[in-house]
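Visitor: below are the sequence and a predicted model for it; my questions follow.
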Amino acid sequence: MTRYRDTYAKVRLDYIKENVETLYKKTKKPMVAIIKANAYGHGYKEVASVLKDESIIQMFAVATLKEAVDLRDLGVKQDILVLGAIPLEDLDIAIKKNISLALFSFDYLNKINEMHHYDAPVKVHLSIDSGMNRIGFKTEKEFEKAMEMIDSSKIDVEGIFTHFATADDFSQDDEYEKQLALFKSIVGNNRFKYIHCDNSAAMMFHHSDYGNLTRIGIAMYGVDPRGEENSDLKQAMSLYTKVAMVKVVPKGEKIGYGMTYTADEDQYIATLPIGYADGFTRANQGREVYINGHYYPVVGRVCMDQCMVKVDENVKPGDDVEIFGEHISLAKMAKEINTIPYEIICLISPRVERIYEK
Ligand SMILES: *Cc1c(COP(=O)(O)O)cnc(C)c1O
């Protein structure tokens, strides 16, 4: 396969399947596989392809209607849920493709009733805002009012869910407990086909048995939701490039835009064909990459398509470079650039080809 460039992401689809099985052992509950944002950068069509015949996966959840429609066209038979708002001009597409929507406000509910022109009802999951203040109905009163306003010929309530804001942070256990208690009290004795609240962190680190589905995103990709190392999971994505050029920069010369780095001795500098347009952000200045068994720092500013690394005489053009992977975990990288692994993988841009291994 022609790749056209030396920068690529390797995605181990077999690891994703293994992680799903590892996680399933904990709760034995069917899962919602969260494959929004191009499956956290891993490629949603490819990830869905390996999970669509997996009996543990009851449902897929996405962020946009486009992703949902693409999954149907791929032959996905499981339920598909869009977690956020869609433009309701497209409501009939959702119904026709048997795609479920999150129902999260009175305004959205009224618009669904108004925009509904199809001869089957739209399937929805009621979103309960138990404390995060993102989307959803906030109180028992709002919940009851929403249920009353639902015209069952137009809306079929298939499920109810909430989302935790602090399940990954033990110092805020009380907030998690409050959210869970509120969600439970709102659901009360009402019957729903699907009741779900656990994201990766809630499922892995809390022991509530509430709900009949878990919603798993980051852990499925083999990354701990707290941004810690976790040997129970297998990180599915790694990012590589190759050395494009090596030269000796004489003492006193400067490197990169703004000339922010000065060689304090004659030194070997390698140029890599990866930059912030690949998602290798400028925050990586000063961080290390892995070449031939050694770690070398990025010096000077990261450019759009290239960056420079201080190396030694052992590094040659064409040598493989690991940006993250077996020797540099996403957890470590995220800490060093003051972000979370989620953001790093979502930002790996489309021009970085994903190479799949089954
Ligand atoms: C993204 C998302 C998830 C998945 O969260 P992870 O921490 O990746 O497991 C679950 N539920 C909702 C509503 C989400 O938006």
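Guide: All right, it came through fine. Residues are numbered from 1 along each chain as shown.
Visitor: residues contacting the residue of the stretch 101-250 of the chain found nearest the ligand?
Guide: When you check the stretch 101-250 of the chain against the ligand by C-beta to the nearest ligand atom, the closest residue turns out to be residue 217, at 2.3 Å. Every residue, glycine included, has its C-beta placed from N, CA and C. Contacts of residue 217 were listed using C-beta atoms under 8 Å, 6 or more residues apart in numbering, and they are 34, 36, 40, 199-200.
Visitor: from those, which land in strands?
Guide: Using DSSP state E, the subset of those located in strands is residue 34.
Visitor: of the contacts of residue 217, closest to residue 73?
Guide: When these are compared for distance to residue 73 (C-beta to C-beta), residue 36 comes out closest, at 17.3 Å.
Visitor: the closest one contacts residue 83, correct?
Guide: Yes. Under the criterion of C-beta atoms under 8 Å, residue 36 lies in contact with residue 83, with a separation of 6.6 Å.
Visitor: find residues that contact each of the two.
Guide: Taking C-beta under 8 Å, 6+ apart as the contact definition, residue 36 and residue 83 share the neighbouring residues 61-63.
Visitor: which bits of this protein sit near the ligand?
Guide: With C-beta under 6 Å from any ligand atom as the criterion, the chain meets the ligand at residues 34, 36, 83, 163, 199-201, 215-219, 225.
Visitor: would you list these in CSV and tack on distance to residue 68 and pLDDT?
Guide: Written out in CSV, the entries for the residues of the chain next to the ligand read as follows (distance: C-beta to C-beta, whole Å; pLDDT from 0 to 100):
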residue, distance to residue 68, pLDDT
34, 13, 98
36, 10, 98
83, 10, 98
163, 18, 98
199, 19, 98
200, 21, 98
201, 25, 98
215, 15, 98
216, 18, 98
217, 16, 98
218, 20, 98
219, 22, 98
225, 24, 97
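Visitor: quick one, helices of the stretch 101-250 of the chain?
Guide: Using DSSP state H, counting those that start in this stretch, the helices assigned to the stretch 101-250 of the chain run over residues 106-115, 140-149, 173-187, 200-205.
Visitor: tell me which residue lies nearest the centroid of this protein.
Guide: Centre of the chain computed as the mean C-alpha position; nearest residue by C-alpha atoms, centre = their mean is residue 40, 3.1 Å away.
Visitor: mind pulling up the pLDDT for that residue?
Guide: The score at residue 40 is 98. That number is its pLDDT.
Visitor: ok, now the one 5 residues further on?
Guide: Among the per-residue scores, residue 45 shows a pLDDT of 98.
Visitor: now do residue 151
Guide: Looking at residue 151, its pLDDT stands at 89.
Visitor: so it touches residue 110, yeah?
Guide: No. Contact between residue 151 and residue 110 fails when scored by C-beta under 8 Å: they sit 10.5 Å apart.
Visitor: buried deepest among the helices of the stretch 101-250 of the chain, which one?
Guide: For these, the largest average neighbour count (mean count of other C-beta atoms under 10 Å) is found in helix 200-205, namely a mean of 22.
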